[in-house]
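Student: Have a look; sequence and predicted model below, questions after that.
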Amino acid sequence: MATITWLGHSTVLIDVVGTRVLTDPVLRKRVAHMVRQVDVPAPPENVDAVLLSHLHHDHADLPTLRKLPGAFEVFGPPGTAKLMPGAHELDPGDEATVGGVRVTATHADHDARRMPWSPADGLGFVVEGVYFAGDTDLFDGMAEIGARGLEVALLPIWGWGPRLPPGHLDPERAAEATRRLSPRVVIPIHWGTYLRAGMRDRDLEAPARAFADAVARSAPDCEVVVLRPGESFSAPDHPEGMRPPTPRGT
């Protein structure tokens, strides 16, 4: 199965038996008006592929991509090749293979067309039983994604500003997404990493606590694993020294 390392925001390193896939890499202290509130990790090495859910600046950061060492493939929605020549463009339902690992693009309810090079909405991805939602709101097809059998769902639960516009999940809606997807384990992402410049005195971990409480009510059979940036989870076992899942209701 996979080892999953959350590097903050929507940047997740998914290692499936040595094939390493990195999602939405953003590894800088400041990106436009967003300021990182936790340490910036070193760019991971030996990445085989980068998956871009959409082309907004907090998900497709060219300076971060240029710092990633080695050669790797890039997969993203239509428009990606305009920003990154040579990238592979996928529509929902398309499949690709990276090092023997199957990657399937899925629908996401997120309007990513604000950028001139991004004519398509966002994507999610399933990487051998690990679902990475990117940015999304609830949509009817989530149950169909879950029906494939998911070991882990990586779900956005918050953002970086004082409010969430349409096309995003808050803790309650992310818990409903968990119920529809029915994964064995859910890991919240897209929280506790960046804030708009000037925002202070924020409880960065409040969204994760609210999400764990909401999942306990709406999807009690799902195990919630709350990571901090830089921490890892390996399914199905918890390696020695790794913090166990945050108890539900805390």
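Tutor: It's in. Numbering: from 1, shown residues only.

Student: all contacts plus neighbour counts: C-alpha atoms, from now on.
Tutor: Will do.

Student: nearest residue to Ser182 other than its sequence neighbours?
Tutor: Excluding the flanking residues, the one nearest Ser182 by CA to CA, 6 or more residues apart in numbering is Gly146, at 5.8 Å.

Student: Likewise for Pro25?
Tutor: Closest to Pro25 by CA to CA, 6+ apart is Thr11, at 4.9 Å.

Student: thought that neighbour was touching Val26?
Tutor: Yes - between Thr11 and Val26 there is a contact under CA atoms under 8 Å: 6.4 Å.

Student: shared neighbours of those two, anything?
Tutor: Applying CA atoms under 8 Å, 6 or more residues apart in numbering, one finds that Thr11 and Val26 are jointly contacted by His59.

Student: Which parts of the protein are helices?
Tutor: 62-67, 80-83, 142-146, 171-181, 206-218 (DSSP state H).

Student: As CSV, these with distance to Thr193 would be great.
Tutor: Converted to CSV, the helices of the chain look like this (distance: least, CA to CA, whole Å):
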stretch, distance to Thr193
helix 62-67, 16
helix 80-83, 25
helix 142-146, 26
helix 171-181, 16
helix 206-218, 11
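
Student: burial measure for Met1, as a count.
Tutor: Residue neighbour count, defined by other CA atoms under 10 Å, stands at 15 for Met1.

Student: contacting residues for it?
Tutor: Val16, Val17, Ser234, Ala235, Pro236 are the contacts of Met1 under CA under 8 Å, 6+ apart.

Student: measure it to Asp135 for me?
Tutor: Remark: distance between Met1 and Asp135 (CA to CA, to the nearest Å) = 24 Å.

Student: Ala210 is in contact with Pro171, isn't it?
Tutor: Yes - Ala210 lies in contact with Pro171 (CA under 8 Å); the separation is 5.9 Å.

Student: the more surrounded of those two?
Tutor: Pro171 (23 against 18).

Student: Mind listing what's buried along the longest strand anywhere in the chain?
Tutor: Ranked by residue count and defined by DSSP state E, the top strand of the chain is strand 101-107. Neighbour counts using 16 or more other CA atoms under 10 Å place Val101, Val103, Thr104, Ala105, Thr106, His107 of strand 101-107 among the buried residues.
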